[in-house]
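**Student:** when you get a sec, could you give me coordinates for this:
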Amino acid sequence: MRRRMCSILLVVMTAVSCSIPGSGNVRTIDPGDIPYELNATTTAAPTTTIAETTTTPASASTTSTSTTVPVEVVSLFYVAGAQLVPINRLLLTPAVAPQVLAALAEGPPDGDPSAGLRTALPTDFVATVEVLRGIATVDLPPTFVTELPGAEQRLAIAQIVLTLTRRAGIGQVTFTTQSRPQSVPRGRGDLAGPGEAVACDDYANLLPTGYSC
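**Tutor:** Okay, here's the model as predicted:
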């Protein structure tokens, strides 16, 4: 009987200790104080793995950039014996008359095609040129007439005329010195009047056989 009473008393005490009190303060327990085993989530959330695709830009060293410089072929006439022959040269386009005349004054380019060629133009030759209505007017330096022999003058004038009249839009050439009309020799040795226009045909006798204006 005593044992039975002890058992009943134990059950009553256990029920009282486990019940939720109807009154009194409720104390909140910091989650950090809860043992890991009691705080662990029993059901794991599904995990989605996303594969990242990284695109690597091409290296600058593997990308080649080519720059094309626009050029055109220009015929420059030089002296070969008693004749004048053309040599092709590449100049920046559009190759205007002053640019072409400056290239001619530089003399024959280096290389086998220029072997045996020379220029009759004086050293450090500088002249201005303007084109108007198909006529190029070349202003010669004063030393061109005073320091250049007559035979060389004829070849030098032929170089200028043949070179300029090969350019589109130029059919004739006139010459001045310090803006005053200048007489120049033609291909056969006769003189054109001061400021008189000359053309390729006036120097055709200096061209190689089979080459015409």
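
**Student:** can you pull out the low-pLDDT segments for this structure?
**Tutor:** Within the chain, the segments meeting pLDDT under 70 span 1-66.

**Student:** just the strands in it please.
**Tutor:** 71-80, 83-92, 128-132, 135-140, 172-177, 180-181, 184-185, 191-192 (DSSP state E).

**Student:** and those as TSV, adding mean neighbour count?
**Tutor:** For glycine as for every other residue, the C-beta is placed from the backbone atoms N, C-alpha and C. Compiled in TSV, these are given as follows (neighbours: other C-beta atoms under 10 Å):
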stretch	mean neighbour count
strand 71-80	18
strand 83-92	16
strand 128-132	14
strand 135-140	20
strand 172-177	20
strand 180-181	11
strand 184-185	23
strand 191-192	15
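
**Student:** among those, which is nearest Pro149?
**Tutor:** strand 184-185 (11.0 Å; C-beta to C-beta).

**Student:** what pairs with that closest one, parallel or antiparallel?
**Tutor:** strand 191-192 (antiparallel) (DSSP bridges).

**Student:** contact partners of the strand it pairs with?
**Tutor:** For strand 191-192, the external contacting residues (C-beta atoms under 8 Å, 6 or more residues apart in numbering) are 183-186, 198, 202.

**Student:** can you add distance to Thr165 and give the strands of the chain back as JSON lines?
**Tutor:** Listed next are those as JSON lines, based on distance: least, C-beta to C-beta, whole Å:
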{"stretch": "strand 71-80", "distance to Thr165": "10"}
{"stretch": "strand 83-92", "distance to Thr165": "12"}
{"stretch": "strand 128-132", "distance to Thr165": "11"}
{"stretch": "strand 135-140", "distance to Thr165": "8"}
{"stretch": "strand 172-177", "distance to Thr165": "7"}
{"stretch": "strand 180-181", "distance to Thr165": "19"}
{"stretch": "strand 184-185", "distance to Thr165": "14"}
{"stretch": "strand 191-192", "distance to Thr165": "14"}
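
**Student:** mind checking which of the ones you listed is nearest Ala115?
**Tutor:** Comparing the strands of the chain by C-beta to C-beta, strand 71-80 comes nearest, at 9.7 Å.

**Student:** can you give me the angle that closest one makes with strand 83-92?
**Tutor:** Interaxial angle, strand 71-80 versus strand 83-92 (axes from the mean of the first three to the mean of the last three C-alpha atoms, to 10 degrees): 160 degrees.

**Student:** strand 71-80 packs against which elements?
**Tutor:** On a contact count with 3 or more C-beta pairs under 8 Å, 6 or more residues apart in numbering; DSSP states H and E, strand 71-80 meets strand 83-92, helix 97-105, helix 150-164.
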